[in-house]
Structure formats: C-alpha cells, structure tokens
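Visitor: what's the 3D shape of this:
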Amino acid sequence: MITVRMLLEILRHEACVLQAYQNPGDVLTWGVGVTSYSGHRVERYRRNPQSIQKCIDIFVWLIVARYLPQVQRAVKRPLSESELTAILSFHWNTGAVGLASWIDLINAGNVNGARAAIMLWDKPASLIGRRKAERDLFFSGVWSASNSLATIIPDVHKNLTPDWSSSKKVHITPYLEAAMAKAAVDFPEAFSIPSAPAAENWWRRTLRWFAGLWK
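Guide: This is a model prediction of the structure:
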C-alpha cells in the first residue's frame, strides 16, 4: 500500500531539519515536519541534531502507524496510489482528514465539489502550491516529485529558525527503504514495496547459504 514513490511525493513538500525548530506558526517542529501533536515528542531534539535516518524512520513510522489508519477511517471508498498519496500529504500537513469538507464530498461522490473544496485549505499563502499539487495528484493523477532528492537542513539559528544556508540535497530513497523495512516488521500490511520482502528474501538466502555448508 505505501510505496517509495508515495513517500517521495510527500517529501517533495517538506524539508528535513535534523534538530528541533520553530515553524512559521511558532510550533516546535523537527525532522520531516513532525510536531508533538503527532504523538512523537520533538522537544528532545532541541539543540540535539539527529541523523537523517532517524528523521526518516520516524516519518515513515508515523505515516503507517498514525496517519494511514486515520485516512482509512475517514475515506469510505477504495483509493488509488495517487489518491491515497494526495490525502496522506494533505493530512500530514493539516491533520484535518477527519474535518475537511472535501473529504466528505469525496465520500458523497461529489468530485467537482471536492476539487474546489480542497483549495479552501490555502492559508497561509505559502501552502497554495502544495494544495494545487495535492489537488492535481488526487483528481488528475499528476505526480510532482521528479527525483529522489530531499532537502536536508542540519542547523538552526539561535532563535530556532532553520538555517537554510546549511541545506543540502540528498538522495533519500535508501533512507526510505531502510525505514520501510523497519516499519514493515510491525506493519507488514501497510506496504506494497520490494524493500520489505527483499529483507526477508535476503535472510532466507543467508539461511540457505549456511545450510549449504553442511551438505
């Protein structure tokens, strides 16, 4: 169900800040836009930078453990990969999948109404581009992530705002695959990816190799 492509699409709208910072709404945030409202306490990362892998591990775990089930409860019909990605991106950003009228309209089969209603979530203005991308992904199947590069910001200023001068682009797919393999131990039903089975196949190949030593 959750694929690397889906996670890359969400990351396309987010930077990954390795230590806690104050977002524009003055909420302490860390990693891939994670706040303590998610259930993961981010205060521990104030002046305490973490690895890229730790940030991605928590991002993926929260997606499958918290956000995906909430989307599944809110939406009353099957979703395609692009539709599910768009709603997950919206919910990751707003936390409002259970409140948004455009979701109610989707459940009611009112596609045109839903297409217009998603754009009501356009505040602050910096979110308009994201809402358009989520709208186009859900209703037209247009993906916006064209590569596996993610923005990583290691440093924050003394006032806890991200230090964009320290940012760098990193190929994030290996980190995602590692995080997905870990999360698949507890949530195997959440994934339709080669990475989780690949870990199992690698283990089986290793066991066969050892068994071959005794033949």
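
Visitor: helices and strands of the chain: which one bottoms out on pLDDT?
Guide: helix 195-212 (a mean of 43; mean pLDDT, DSSP states H and E).

Visitor: show me the contacts for C55.
Guide: Taking Cβ atoms under 8 Å, 6 or more residues apart in numbering, we find C55 in contact with 16, 18, 30-32. In short, each C-beta sits where N, CA and C put it, glycine included.

Visitor: what are the ranges of the strands in the protein?
Guide: 15-22, 28-31, 34-35, 149-153, 168-171 (DSSP state E).

Visitor: Can you tell me which of the ones you listed is packed in deepest?
Guide: Counting by mean count of other Cβ atoms under 10 Å, strand 28-31 has the highest mean neighbour count of these, with a mean of 24.

Visitor: Check the offset of that one from the chain's centre.
Guide: Its chain's C-alpha centre and that of strand 28-31 lie 14 Å apart, by Cα atoms, centre = their mean, to the nearest Å.

Visitor: ditto for stretch 54-66
Guide: Using Cα atoms, centre = their mean, the offset of stretch 54-66 from its chain centre is 7 Å.

Visitor: Quick check: buried residues in it?
Guide: Neighbour-count burial for stretch 54-66, with 16 or more other Cβ atoms under 10 Å as criterion, is recorded at 54-66.

Visitor: nearest to R41, of the residues you listed?
Guide: Checking these against R41 with Cβ to Cβ, the nearest one is I58 at 10.7 Å.

Visitor: where does that closest one land on pLDDT?
Guide: pLDDT recorded at I58 is 98.

Visitor: Report the contact partners of it.
Guide: By Cβ under 8 Å, 6+ apart, the residues touching I58 are 31-32, 34, 40.

Visitor: repeat that for 6 Å
Guide: Taking Cβ atoms under 6 Å, 6 or more residues apart in numbering as the criterion, I58 is in contact with 31, 40.

Visitor: isn't T151 right next to E14, touching?
Guide: No. Between T151 and E14 no contact is recorded; they are 8.1 Å apart, counting by Cβ atoms under 6 Å.

Visitor: In helices, which of the buried residues of stretch 54-66 appear?
Guide: Of those, the ones assigned to helices by DSSP state H are 54-62.

Visitor: re the thing from before, in a markdown table, list the contacts of C55 along with pLDDT and distance to D104.
Guide: Listed next are the contacts of C55 as a markdown table, based on pLDDT from 0 to 100; distance: Cβ to Cβ, whole Å:
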| residue | pLDDT | distance to D104 |
| --- | --- | --- |
| C16 | 98 | 32 |
| L18 | 98 | 38 |
| W30 | 98 | 32 |
| G31 | 98 | 31 |
| V32 | 98 | 28 |
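
Visitor: okay if I get these as CSV plus distance to R135?
Guide: What follows is the contacts of C55, written out as CSV (distance: Cβ to Cβ, whole Å):
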residue, distance to R135
C16, 24
L18, 31
W30, 28
G31, 26
V32, 21
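
Visitor: Farthest pair within those residues?
Guide: Farthest pair in the contacts of C55, by Cβ to Cβ: L18 and V32, 10.6 Å.

Visitor: Can you get me a residue count around V4?
Guide: A count of neighbours around V4, defined by other Cβ atoms under 10 Å, yields 17.

Visitor: Likewise for N23?
Guide: N23 has 15 nearby residues by other Cβ under 10 Å.
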